[in-house]
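**Student:** starting from these lines, generate the structure:
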Amino acid sequence: MKFIKKMNLEINLTVKRHLIAILMLIGLFTVLSFFLNNIFPLINLKTWKFEIPLPIQPRNPVGYDFRWGLYWPVERILNGQNIYIDAFSNYPPFVNIFFMPLQLINENSAYILMVFILLITNIINLYISTRIITNLVFPKLAIDSFSLKIFFISVFFMVLSYTLFGYPFLFSIERGNYDAIALLFSLLTIYFILKQPESLWLHVILLSIATHLKIYPAALFLVLFVIHGMKVIIPTFVTNLILLLSLGFNNALLFLNVMINYVEDPLIWVGNHSGAGFAENLFTFLPTLQEQFASLKPIFTIFPIVIWVVSCYLIIKNLSKDFRIVYLFMVSMPLMCVVPTVSHDYKLVILSSALLIFLALLTYKIIRLSKLWDYLQLITVLILFFFIGRSFAYNEGLIKFISNKYPLIIIFSLIMLVNILPISKLINLQHENIQQRTLDTI
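**Tutor:** Numbers count the residues shown, from 1 in each chain. Sure thing, here's the model as predicted:
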């Protein structure tokens, strides 16, 4: 009981002082993340030399995923070859259509262009996330518009700095992987659901493109079903069938066969933060569990699905309108990271949007309740993302256990889960207070 009372301790600050305190914590997190994850590792504590360690094991040539997955397959298609028969590609057929314009320039120039596309896309993703959450939270906070704009602009640049200086983004550049582009179409889906809720076909097309770029955004079709109901089925079926058959019926079947083999035999290493990847990583610390791999692998895969299902149930039941849509999007990000059997660390860039949105929601909760518990949650989330943005190559001793990001992502998903009901109560209470003030005025 004493512990609960301490957690419910009220921090008596004005709204503006709360905003300043939150910005200071996020700013400190950003500075320390950059220094401890990028600068301090240059000091070799064994040889006592100033060295430049590699945060990843680079492939030769640079941009290997881009070349192998996006450029070479399209080149083969244009030369009349089949990219699935000899397993030259495990990407959906539509990916080849989407990136075909890159064939207008040579391979190395195309990779450099891709680097800048990834940079711009990550910036746009966080900008859209900021627009979405500010439109959602602004009307709920009784504070002047200028102060809120300064606050959210500051949070945007801090999270952007964290993202661009982090190991996942560097990894995505080195490999040339395009998860950020799939996230862009997912975010556009959410944005247009909020702005144009009746545009069913637009929502389906945007999300279908995201799904046929990286498959895992398919989890967000739940959002479309919640908004549009049964009306979403036919447009979804038609759009996804067209995209699947974009290289013909035979190639669609060959792709599905390649994907089955790819899922059954994934590349397992410390930088694969899927449930299967974490199970394998666990055995390096607890070798006695090696015999239980067959059972642990599905358990670690099913557990985040259970968290997601419970989260979605509580969101749909307790939140309404725009808050429901944004929260469903946010809790789906961890699911997309840990459930696919192949989830290499470059995919972690998609979590930055979820981080930004959750920081805004937690800010709303802190301003309304002023509880110590919410500040502790804020600090916990920032610590989680400090290690999410840190390369496994720099971890030694006890923290080597969290070189695989799976447990960090799971904890983040649980924190989002436990905040659903408190935030829903806050929103409902504020709505009731507004209604009561309206009645009193009348």
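
**Student:** so what's residue 155 up against?
**Tutor:** Contact criterion CB atoms under 8 Å, 6 or more residues apart in numbering gives 23, 26, 130, 356, 359-360 as the residues in contact with residue 155. (Each C-beta comes from the backbone N, C-alpha and C, glycine too.)

**Student:** and the two most separated of those residues?
**Tutor:** Pairwise distances across those peak at 14.4 Å for 23 and 130 (criterion: CB to CB).

**Student:** of those two, which one has the most company?
**Tutor:** residue 130 (21 against 16; other CB atoms under 10 Å).

**Student:** pLDDT score for the residue nearest to that one when sequence neighbours are not counted?
**Tutor:** Once its chain neighbours are removed from consideration, residue 130 has its nearest residue in residue 156; the separation is 4.5 Å (CB to CB, 6 or more residues apart in numbering). Looking at residue 156, its pLDDT reads 96.

**Student:** try residue 24
**Tutor:** In this prediction, residue 24 has a pLDDT value of 96.

**Student:** tell me who's in contact with the closest residue to residue 395 other than its chain neighbours.
**Tutor:** With CB to CB, 6+ apart as the measure, residue 403 is the residue that lies nearest to residue 395, at 4.7 Å, once sequence neighbours are left out. Shown here is residue 403, whose contacts under the criterion CB under 8 Å, 6+ apart are 270, 281, 392, 395.

**Student:** centre of the chain versus the helix or strand harbouring the second one, how much separation?
**Tutor:** Read that as residue 281. Following DSSP states H and E, the helix or strand that holds residue 281 is helix 275-285. Relative to the chain's own centre, helix 275-285 is displaced by 22 Å; criterion: CA atoms, centre = their mean, to the nearest Å.

**Student:** strands along the stretch 51-200 of the chain, start to end?
**Tutor:** Read by DSSP state E, counting those that start in this stretch, the stretch 51-200 of the chain holds no strands at all.

**Student:** how far off centre is the longest helix anywhere in the chain?
**Tutor:** With DSSP state H setting the assignment, residue counts place helix 107-137 as the longest helix in the chain. Shown here is helix 107-137, whose average C-alpha point lies 13 Å from the average C-alpha point of the whole chain (CA atoms, centre = their mean).

**Student:** buried residues in it, which are they?
**Tutor:** 110-111, 114-115, 118, 121-122, 124-126, 128-134, 136-137 (16 or more other CB atoms under 10 Å).

**Student:** for stretch 258-273, same thing?
**Tutor:** Taking 16+ other CB under 10 Å as the basis for neighbour counts, the residues of stretch 258-273 that come out buried are 258, 266, 268, 270-273.

**Student:** do the same with stretch 318-325
**Tutor:** The neighbour-count criterion (16+ other CB under 10 Å) identifies 318-319, 323-325 as the buried residues of stretch 318-325.

**Student:** now, which of the residues you listed lie within helices?
**Tutor:** In helices, judged by DSSP H, the following of the buried residues of stretch 318-325 are found: 318, 323-325.

**Student:** would you list those residues in CSV and tack on pLDDT and distance to residue 33?
**Tutor:** Compiled in CSV, these are given as follows (pLDDT from 0 to 100; distance: CB to CB, whole Å):
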residue, pLDDT, distance to residue 33
318, 95, 33
323, 93, 29
324, 95, 31
325, 96, 30
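
**Student:** from those residues, pick the one nearest residue 12.
**Tutor:** Nearest to residue 12 among these: residue 323, at 27.3 Å, using CB to CB.

**Student:** who's in contact with the residue lying closest to that closest one once chain neighbours are set aside?
**Tutor:** Of all residues beyond its chain neighbours, the one nearest residue 323 is residue 427 (6.1 Å), with distances taken as CB to CB, 6+ apart. Counting by CB under 8 Å, 6+ apart, residue 427 touches 140, 319-320, 323.

**Student:** ok, these vs residue 368, which is closest?
**Tutor:** residue 140 (8.3 Å).

**Student:** wait, residue 61 touches residue 67, no?
**Tutor:** Yes. With contact defined as CB atoms under 8 Å, residue 61 and residue 67 form a contacting pair (6.8 Å).
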